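K.L.:
here is the input, now give the coordinates:
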Amino acid sequence: MNQESFKDLLSQYLSGKLSHAQKRRLADLLKHKGYQEHLDFVLKEDFLEDRYLGEENMELKSAIQNFLTTEISRRASKPAKILQMRRMVAAASVILFLVAASSLFIFKKPGKNSTAAVKTVQPVLQDISPGKTGAVLTLSDGSKIVLDSLQGSVGLQGHSQVINKNGLLSYSVKNNSSEVVYNTMSTPVGRQYQVVLADGTKVWLDAASSITYPTSFPGDDRKVSIKGEAYFEVVHDARKPFHVMINDLEVRVLGTHFNINAYENEGAIKATLIEGSVKVSKNNSNIIITPGQQVIASNTNNNVPFQKKEVDLDEVMAWKNSKFIFQDADIKSIMRQLERWYGVTASYEGNVTNEEFVGVISRNVNISQILTMLEKTGRVGFEIEGKNIIVK
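P.N.:
Take a look at the predicted model:
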């Protein structure tokens, strides 16, 4: 079986279309030295959770360990870059993060020989649950509705009927009119939500985010504004371009799938294209990206030009897929993600490491499980005091 057929099998697995026999064949291929280059995809898709793999787990864990060792050597052979040596050291230290702790990072539930239950260096006296579905809707008259507990009709906004059901807010235009009214949907820390706009465009909001939008699109364009992070699946309409505004930055599309990360404390706005075509504009500068590319624009300095790069779409979309994927992430960037999802604050004591971490974990676990895995690297320690996480 060649590499292309391996990719076909893996693609079918990720789509949930493999038979039991095909899953065993894929497991056998993963143990073959020639396919270890694909194990990074497997790490990100919780492949080892599959209950049909049975006793093959230990061999696959060994293959993963070999893969990580190979990856470190590969990084070391690259041309020298700033921080390259620090990244090598970090990658070496984090093998334990992925391999010794694989029961948590690769399984969603610890197995019989799990090390995931090991206590943290600083005993956790209390724990913090992950975020959940929830949002606040601000209507055109300024009144607010907590959507967490409301089911059914919200009422008429402009000329659209608003329905909230099972974590989804939707708008249905009832009659044509030039009148435009606006709603804002906001997610607090520790909450996510989805909205279907009047044109059928789907928007997912991550924690601590908001979107302001018209309840119908009677004009010759469609325009919304966001803060925080959102993923869009825009309905195609060549007659009405779709615009997303983030302060003075604009993302313009006709119909496509893309993600925007625009948290103020991240220092940059990142627009990542999943499918279609996107034009990003700011201060008379324009750039067009293709699927798999990301535009980075400074949040603080308008004189810094756009940056464009190829990115790992699994990492970008991890939040929507209920995962944390840390790829060369320093501890402060990791803690910013945990702050938004768990509703905590992070403070720092001592000489906190600048090394970078690599790992994949569900967003549906308590925070202590993530801190435990980070502590296993031996590079960082934590204490939980109420809603404050002290990083040492």
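
K.L.:
grab the nearest non-local neighbour of residue 191.
P.N.:
residue 134 (3.8 Å; Cβ to Cβ, 6 or more residues apart in numbering). In this view, the C-beta of every residue, glycine as well, is placed from N, C-alpha and C.

K.L.:
what's the local residue count around the residue nearest to residue 222 when sequence neighbours are not counted?
P.N.:
Closest residue to residue 222 apart from its sequence neighbours, by Cβ to Cβ, 6+ apart: residue 242 at 4.5 Å. When neighbours are counted by other Cβ atoms under 10 Å, residue 242 registers 23.

K.L.:
beta-bridge partners for residue 242, please?
P.N.:
residue 222, residue 253 (DSSP bridges).

K.L.:
which regions of the stretch 151-300 of the chain sit below the pLDDT cut-off?
P.N.:
Counting by pLDDT under 70, the stretch 151-300 of the chain contains no low-confidence range.

K.L.:
related to what we said a few turns ago, isn't the residue nearest to residue 191 up against residue 145?
P.N.:
No. The criterion here is Cβ atoms under 8 Å, and residue 134 misses it with residue 145 at 11.8 Å.

K.L.:
report how many residues lie close to the residue lying closest to residue 363 once chain neighbours are set aside.
P.N.:
Nearest residue to residue 363, sequence neighbours excluded (Cβ to Cβ, 6+ apart): residue 322, at 4.9 Å. Neighbour count for residue 322, taken as other Cβ under 10 Å: 12.

K.L.:
CA atoms only for stretch 155-166 - export them in PDB, please.
P.N.:
Output of stretch 155-166 as PDB, limited to C-alpha atoms (Å, rounded to 0.1, in the frame of the first residue of the first chain):
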ATOM      1  CA  GLY A 155     -39.100  37.800  19.200                       C
ATOM      2  CA  LEU A 156     -39.000  40.000  16.100                       C
ATOM      3  CA  GLN A 157     -35.900  42.100  15.500                       C
ATOM      4  CA  GLY A 158     -36.400  44.400  12.500                       C
ATOM      5  CA  HIS A 159     -38.000  42.200  10.000                       C
ATOM      6  CA  SER A 160     -36.400  38.900  11.200                       C
ATOM      7  CA  GLN A 161     -37.800  36.300  13.500                       C
ATOM      8  CA  VAL A 162     -35.100  35.300  16.100                       C
ATOM      9  CA  ILE A 163     -35.000  31.800  17.500                       C
ATOM     10  CA  ASN A 164     -32.700  30.400  20.100                       C
ATOM     11  CA  LYS A 165     -32.400  26.600  20.500                       C
ATOM     12  CA  ASN A 166     -29.700  24.200  21.800                       C
END
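
K.L.:
ok, back up a step: and the residue nearest to residue 222, how close does it get to residue 235?
P.N.:
In this view, residue 242 and residue 235 are 8 Å apart by Cβ to Cβ, to the nearest Å.

K.L.:
same question for residue 376.
P.N.:
According to Cβ to Cβ, residue 376 stands 45 Å off from residue 235.

K.L.:
cool, residue 334 as well?
P.N.:
Distance from residue 334 to residue 235, by Cβ to Cβ: 35 Å.

K.L.:
ok, the two, which is more surrounded?
P.N.:
Between residue 334 and residue 235, counted using other Cβ under 10 Å, the more crowded position is residue 334 (20 against 16).

K.L.:
pLDDT score for that one?
P.N.:
Residue 334 carries a pLDDT value of 95.

K.L.:
please identify the helix or strand for it.
P.N.:
helix 331-342 (DSSP states H and E).

K.L.:
next helix or strand past that helix?
P.N.:
Using DSSP H and E, the helix or strand that follows helix 331-342 in sequence is strand 345-348.

K.L.:
what packs against that next one?
P.N.:
helix 331-342, strand 388-391 (3 or more Cβ pairs under 8 Å, 6 or more residues apart in numbering; DSSP states H and E).

K.L.:
residues near the spatially closest residue to residue 281 that is not a sequence neighbour, how many?
P.N.:
With Cβ to Cβ, 6+ apart as the criterion, residue 281 has its nearest non-adjacent residue at 4.7 Å, and that residue is residue 250. Number of residues near residue 250 (other Cβ under 10 Å) recorded here: 16.

K.L.:
distance-wise, check residue 250 relative to residue 272.
P.N.:
16 Å.

K.L.:
again with residue 155
P.N.:
Relative to residue 272, residue 155 is positioned 35 Å away (Cβ to Cβ).

K.L.:
relative to residue 250, how far out is residue 304?
P.N.:
Relative to residue 250, and taking Cβ to Cβ, residue 304 is found at 17 Å.

K.L.:
now residue 283
P.N.:
Separation of residue 283 from residue 250 (Cβ to Cβ): 10 Å.

K.L.:
measure stretch 385-392 end to end?
P.N.:
End-to-end distance for stretch 385-392, by Cα to Cα, to the nearest Å: 13 Å.
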